[in-house]
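Participant: Provide a 3D model corresponding to the input given below.
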Amino acid sequence: MEQGADLLNSLMPPRLSAGVIVLHYRDTVPHYLVLRAHGHWDFPKGRLEPGETPLAAAIREVTEETTLTGLDFRWGHDYRETAPYRQHKVARYYVAHAPTMAVDLPVSPELGYPEHEEYRWLPYHEARGLLVERVQTIFDWAHQLITAGLAGR
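Facilitator: Residues are numbered from 1 along each chain as shown. Below you'll find the predicted structure:
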């Protein structure tokens, strides 16, 4: 039975979620926002709503999950995606700078409680150590993109 499910999953397009690797500079060091839900650390992300573009979904999810607004996509709208994982999902991540580190974890109207239990703003190595491997790969790309821009200043 499991082989049949694997075959079916390989024929169906993966379900896409979109999110943002959010950072803010503390002094000159980028600090990244990571969120914990159900014991796992990740960046703000979620499923697309019907008719929504991935970038619009990513921005909406950041606001819904953290109350952050006014993201600056100063590195452009490039993105990276994870390989398919649990239940044939793929997560697409963009990179943006937040104008503030003031985060709130609001109650989700659908759930009746916040989607995340905790958040942290961490430098690269500390944040990376909390992430699962499929997200670490994406995070490495984002950090390289960000630090390459710093080297040119």
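Participant: Any idea how many residues pack against Asp104?
Facilitator: 11 (other C-beta atoms under 10 Å). Backbone N, C-alpha and C define where each C-beta goes, glycine included.
Participant: Quick one: list the elements packing against the top helix by length along the chain.
Facilitator: Identified as the longest helix of the chain according to DSSP state H is helix 133-151. Judged by 3 or more C-beta pairs under 8 Å, 6 or more residues apart in numbering; DSSP states H and E, the packing partners of helix 133-151 are strand 15-26, strand 29-37, strand 80-81, strand 89-97, helix 124-130.
Participant: residues touching the closest residue to Tyr124 other than its chain neighbours, list them.
Facilitator: Counting by C-beta to C-beta, 6 or more residues apart in numbering, the nearest residue to Tyr124 once its immediate chain neighbours are dropped is His143, at 5.1 Å. Counting by C-beta atoms under 8 Å, 6 or more residues apart in numbering, His143 makes contact with 30, 124, 128.
Participant: ok, now with 10 Å
Facilitator: With contact set as C-beta atoms under 10 Å, 6 or more residues apart in numbering, His143 has these partners: 21, 23, 30, 32, 95, 123-125, 127-128.
Participant: same question, Gly129
Facilitator: Neighbouring residues of Gly129 by C-beta under 10 Å, 6+ apart: 41, 122, 136.
Participant: pLDDT score for it?
Facilitator: Gly129 is assigned 98 on the pLDDT scale.
Participant: Next: the one 5 residues further on.
Facilitator: According to the per-residue confidence, Arg134 scores 93 in pLDDT.
Participant: Renumber starting at 286 from here on
Facilitator: Fine by me, first position is 286 from now on; the one you just mentioned is Arg419.
Participant: from what I can see it touches Pro369, true?
Facilitator: Yes: proximity of Arg419 to Pro369 meets the contact threshold set by C-beta atoms under 10 Å, at 9.5 Å.
Participant: got any residues that touch both of the two?
Facilitator: Common contacts of Arg419 and Pro369 (C-beta under 10 Å, 6+ apart): 375-376.
Participant: just for this structure, where's the confidence low?
Facilitator: 286-298, 434-438 (pLDDT under 70).
Participant: quick one: contacts for the residue nearest the centre of the chain?
Facilitator: For the chain, Phe328 is the residue whose C-alpha lies nearest the centre (C-alpha atoms, centre = their mean; 3.3 Å). When the contact criterion is C-beta under 10 Å, 6+ apart, the partners of Phe328 are 304-308, 317-320, 343, 346-347, 350, 376, 378-380, 412, 416, 420, 423-424, 427.
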